[in-house]
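>>> turn this into a structure:
(2 chains)
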Amino acid sequence: MYMQFGRVRDASRVFEEMPVINGDVFNSLIYGFRRNGFNEEVVVAFRKMVESCYVPNLDSVFHVIMACGKLGSIVDGNLIHDYVVQNGYNAHVTIANALISMYVKMGRLDLGHEVFSDLVARDVVSWNTLITGYAQSGNWMEAFDLFLCMREATNVVPNKVTLLGLLSACGQAENLGFGMSIHGHLIRAGLLSDFRLGTAVVDMYAKCESFDRARAVFEEDLFEKTLVSWNSLIAGYTRNGYAEEAVILYEMMTVELKLKPDSITFSNVVPAYASLANHGRIQSIHSLIVKKGFDMDGDVVLGTAMIDAYGKCLDLKAAKSLFTCIEGRNTATWNALIAAYNVHSHADQVMPLFVEMNRAQEVFDAITMVVLCQSCGELRSLKQGSMVHGLCHSKGFNSHLSVGNSIVDMYMRCGCVDRAEAFFNSMSFKNIVTWNIMFYGYVRSGHSATAIRVFRKLQLENLFKPDSVTIISFIQASSTAFICHGGEISHCHVLKLGLDSEIWVINSLLDAYAKNGLIECAKALFMQVGNLRDQSSWNVMIAGCGMNGQGREACDLLSQMEEDGHSPDSITFTSLLSCCSHCGLVSEGCRFFEMMVTKYNIQPDVEHWTCIIDLFGRSGKLEEAYQMIKSGLHQNYDAVWGALMSSCKTNMNMELGELIGDKLAKLAPDNCGYHLLLSNLYASSKRWGEVAKARRVFEDGRMVKKLGLSVIEC
DNA sequence: GTAGGGTTAG
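Have a look, this model is predicted:
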């Protein structure tokens, strides 16, 4: 009675106090514990029962096996398995099925399969348990094979559960064809109205990136749209990189339909906001999670997603403090934290963290290796990179495609083209990403000709279809050859590959045309792409006009850009200011600077300051420029002071030049650059007394020979 | 008795 009302402790007390105990009492105790989810107690009671020489009934044997599966204890599992075999229980199909299920839950598909193979009279549950087990552990090939065997077998017919398992396998394998045939079968059999099967179909299509089909089933066939089906669809979009769509669905679900999200909804939508680097939304979801009382410290999956999200939004502090709170961290949790350090100038912290991870006895995986390789590449540390390569080799991660790709990338970033090539040649599996890393590496290290040769090889051998990343490297590589029709060749490739609707490819073409003096070609293409163009396209055109001496046109483009609905950013103003500075458009430059700060609220960086100081210098307003630097935060920028000194030189303003020179010499006595600027200033005055001063400055500054030459020349 | 949705990289 106590057990029926969930009062397990009271039931146990009654049991302890019973004067006479028999087998039936034990059996009902075991049943009671299991019904209430007290799995450890099930195992303990069963052990006591056997030790007291009572013979358990089939139900008790069944329950203790299932409890072992829940607990994941392989030791207890093996013990009970031995007991079952010794006492001949394994002839019962129910008991054998429980054993299969137990091993599946423990991730020991091999042992589960053994039980299955030894079983003579398999029923539909035996097949389903193993098929579902294989599907859930990612062994989808095994799941399909087993299904084919099942169809050959007599006395057994696949049922709903079989189909659920298969749909899950199709999703993981991204086997759209097989998934569609199961969908067809469900329609014919009239099973699509089953909400579990309907949801599994949505999930399968979402995992196969067939969003139109997923949406159609979701909207038209699912009479009962549960939270699970929403979550499936959101997960599909997030996983395949459609962050905006995931976010729209989430907002539709929570705002319009007022459905209450659960922790899985959050785990699905947080990575979407993270990839959009929407720090504000991440913070508001964080407080929503806390408000709803979800146990983020205990829910390691949700916690990991949040750590990753904060990392992507560059909020290391939040990522770190969440990490310390989470109990039961796993490899993914560590990986998320390490990856967070990898972004933005904390790559040097990655290796110490990895050491800490090992000290905490956490197993690392292929993803850890990928992140480690990235940090070595970022730091250009060949020594550490080679060590990581060695580690990958000894742990067998070398044959993992993503790890292999990141090893090639690491060698390329460290400037070791030879080693990158050697590893590339040794790889037995490659994909387009592998080739892209090679192309990009060649272009970056100045081996453009090799990049073009390898591109031709890829096309000739028809190995992989080039994608937008490939073609951008190709455009950059052939950029130097643009004058001799390189532009047209690249443009042809873009059209042939059907990549002309990808704006970043078009922007790359625009940039290459402009850099090679073919600004008219760039303009024609820019007009042609029309509404496809984005902020970056405008930036490329503004910079392009500037570098082709069309300063006024560049300036005019700004208002057109605004009319087109794109706001200028920091890069736009860098291009505009440098264009004004080169073309001597003083008043326009000052207007843009003012506009950047007041209208667009953009904090000027070193490039902006250098340009504006140069412009002031050109208009002879040296004193104003000096006051501007002194009053701002930018006084630590060497280049800004340098620009002012050069203006002093052009304007022959010795007084101010000297003042700045002295100030700088005091600020940074060892900075050769400052001394050079001052020596140059004196030297260019061509006055004997000042040249002598120049010499003194030169000697004081302990300068290298090259820097002093200009003084000696005078 | 077996049973639908989740985290980390690329």
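>>> now the helices for the stretch 51-200 of chain A?
A:58-71, A:74-86, A:93-105, A:109-118, A:124-136, A:140-152, A:160-173, A:176-188, A:195-207 (DSSP state H, counting those that start in this stretch).
>>> and these: which comes nearest A:G293?
Closest approach to A:G293 among these is made by helix A:58-71 (25.4 Å; C-beta to C-beta). The C-beta positions use only the backbone N, C-alpha and C, and glycine is treated the same way.
>>> so which of the helices of the stretch 51-200 of chain A comes closest to DNA strand B?
helix A:124-136 (2.8 Å; C-beta to the nearest atom of the strand).
>>> mind putting the helices of the stretch 51-200 of chain A into JSON lines with distance to DNA strand B, mean pLDDT and mean neighbour count?
Formatted as JSON lines, the helices of the stretch 51-200 of chain A follow (distance: least, C-beta to the nearest atom of the strand, whole Å; pLDDT from 0 to 100; neighbours: other C-beta atoms under 10 Å):
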{"stretch": "helix A:58-71", "distance to DNA strand B": "7", "mean pLDDT": "91", "mean neighbour count": "22"}
{"stretch": "helix A:74-86", "distance to DNA strand B": "14", "mean pLDDT": "90", "mean neighbour count": "16"}
{"stretch": "helix A:93-105", "distance to DNA strand B": "4", "mean pLDDT": "93", "mean neighbour count": "23"}
{"stretch": "helix A:109-118", "distance to DNA strand B": "12", "mean pLDDT": "92", "mean neighbour count": "17"}
{"stretch": "helix A:124-136", "distance to DNA strand B": "3", "mean pLDDT": "91", "mean neighbour count": "23"}
{"stretch": "helix A:140-152", "distance to DNA strand B": "11", "mean pLDDT": "89", "mean neighbour count": "16"}
{"stretch": "helix A:160-173", "distance to DNA strand B": "4", "mean pLDDT": "90", "mean neighbour count": "23"}
{"stretch": "helix A:176-188", "distance to DNA strand B": "13", "mean pLDDT": "90", "mean neighbour count": "16"}
{"stretch": "helix A:195-207", "distance to DNA strand B": "4", "mean pLDDT": "91", "mean neighbour count": "25"}
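>>> dump these to JSON lines, plus distance to A:A347.
Output for the helices of the stretch 51-200 of chain A, formatted as JSON lines (distance: least, C-beta to C-beta, whole Å):
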{"stretch": "helix A:58-71", "distance to A:A347": "41"}
{"stretch": "helix A:74-86", "distance to A:A347": "39"}
{"stretch": "helix A:93-105", "distance to A:A347": "40"}
{"stretch": "helix A:109-118", "distance to A:A347": "39"}
{"stretch": "helix A:124-136", "distance to A:A347": "36"}
{"stretch": "helix A:140-152", "distance to A:A347": "36"}
{"stretch": "helix A:160-173", "distance to A:A347": "33"}
{"stretch": "helix A:176-188", "distance to A:A347": "39"}
{"stretch": "helix A:195-207", "distance to A:A347": "33"}
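>>> let me see the contact set for the one residue sitting closest to the centre of chain A.
Geometric centre of chain A, nearest residue: A:S275, 7.3 Å, by C-alpha atoms, centre = their mean. When contacts are counted by C-beta atoms under 8 Å, 6 or more residues apart in numbering, A:S275 is found next to A:G241, A:A243, A:K312.
>>> quick one: A:A347 from DNA strand B, how far?
Noted for A:A347: a distance of 12 Å to DNA strand B, by C-beta to the nearest atom of the strand, to the nearest Å.
>>> in which helix or strand would I find the residue in the stretch 401-550 of chain A positioned nearest to DNA strand B?
Distances between the stretch 401-550 of chain A and DNA strand B by C-beta to the nearest atom of the strand are smallest at A:S402, namely 3.8 Å. Applying DSSP states H and E as the criterion places A:S402 in helix A:401-413.
>>> contacts for that helix, please.
Residues outside helix A:401-413 that contact it (C-beta under 8 Å, 6+ apart): A:366-367, A:369-370, A:373-374, A:376-378, A:380, A:382, A:385, A:388-389, A:392, A:397-398, A:417, A:419-420, A:423-424, A:427, A:429-431, A:433-434, A:437-438, A:440-441, A:444-445.
>>> swap in 6 Å and give it another go.
Contacts to helix A:401-413, defined as C-beta atoms under 6 Å, 6 or more residues apart in numbering, come from residues A:366, A:369-370, A:373, A:376-377, A:385, A:389, A:392, A:397, A:419-420, A:423-424, A:427, A:429, A:433-434, A:437, A:441.
>>> give the buried residues for that helix.
A:S402, A:V403, A:G404, A:N405, A:S406, A:I407, A:V408, A:D409, A:M410, A:Y411, A:M412, A:R413 (16 or more other C-beta atoms under 10 Å).
>>> tell me the mean pLDDT for it?
Averaged across helix A:401-413, pLDDT comes to 96.
>>> if you count neighbours, what's buried in whichever helix or strand comes after it?
Following helix A:401-413 in sequence order, the next helix or strand is helix A:417-426 (DSSP H and E). Neighbour-count burial for helix A:417-426 flags A:V417, A:R419, A:A420, A:E421, A:F423, A:F424 (criterion: 16+ other C-beta under 10 Å).
>>> residue contacts, A:W230?
A:W230 neighbours (C-beta under 6 Å, 6+ apart): A:M253.
>>> can you classify A:M252 as helix, strand or coil?
Of the three states, A:M252 takes helix under DSSP: H, G, I helix; E, B strand; the rest coil.
>>> quick one: it and A:N231, what's the gap?
Counting by C-beta to C-beta, to the nearest Å, the gap from A:M252 to A:N231 is 13 Å.
>>> looking at these two, which is more packed in?
Taking other C-beta atoms under 10 Å, A:M252 and A:N231 do not tie; A:N231 has more neighbours (23 against 12).
>>> the helix or strand containing that one vs helix A:160-173, what angle?
Assigned by DSSP H and E, A:N231 belongs to helix A:227-239. In terms of direction (axes from the mean of the first three to the mean of the last three C-alpha atoms, to 10 degrees), helix A:227-239 departs from helix A:160-173 by 20 degrees.
>>> avg pLDDT for helix A:227-239?
Here the average pLDDT along helix A:227-239 is 92.
>>> now the angle between helix A:195-207 and it, please.
On the basis of the same axes, to 10 degrees, helix A:227-239 is oriented at 10 degrees to helix A:195-207.
>>> my read: A:L276 touches A:Y242, true?
No - assessed by C-beta atoms under 6 Å, A:L276 is found out of contact with A:Y242, at 11.1 Å.
>>> was I right about A:A200 contacting A:L164?
Yes - counting by C-beta under 6 Å, A:A200 touches A:L164, with 5.2 Å between them.
>>> which strands and helices sit next to the helix or strand harbouring A:Y440?
Using DSSP H and E, A:Y440 sits in helix A:432-444. Secondary-structure packing of helix A:432-444 (3 or more C-beta pairs under 6 Å, 6 or more residues apart in numbering; DSSP states H and E): helix A:401-413, helix A:448-461, helix A:468-477.
>>> how far out from the middle of the chain is the shortest one?
Meaning helix A:468-477. 22 Å (C-alpha atoms, centre = their mean, to the nearest Å).
>>> and it, which residues are buried?
Result for helix A:468-477 [16+ other C-beta under 10 Å]: buried residues A:V469, A:T470, A:I471, A:I472, A:S473, A:F474, A:I475, A:Q476, A:A477.
>>> the second one too?
When burial is assessed from 16+ other C-beta under 10 Å, helix A:448-461 yields the following buried residues: A:S448, A:T450, A:A451, A:I452, A:V454, A:F455, A:L458.
>>> and the nearest residue to the first one once chain neighbours are set aside, what does it touch?
Same thing as A:S448. Nearest residue to A:S448, sequence neighbours excluded (C-beta to C-beta, 6 or more residues apart in numbering): A:A477, at 4.1 Å. A:A477 makes contacts with A:V443, A:S448, A:A451, A:I452, as judged by C-beta under 6 Å, 6+ apart.
>>> need the pLDDT of A:V529.
89.
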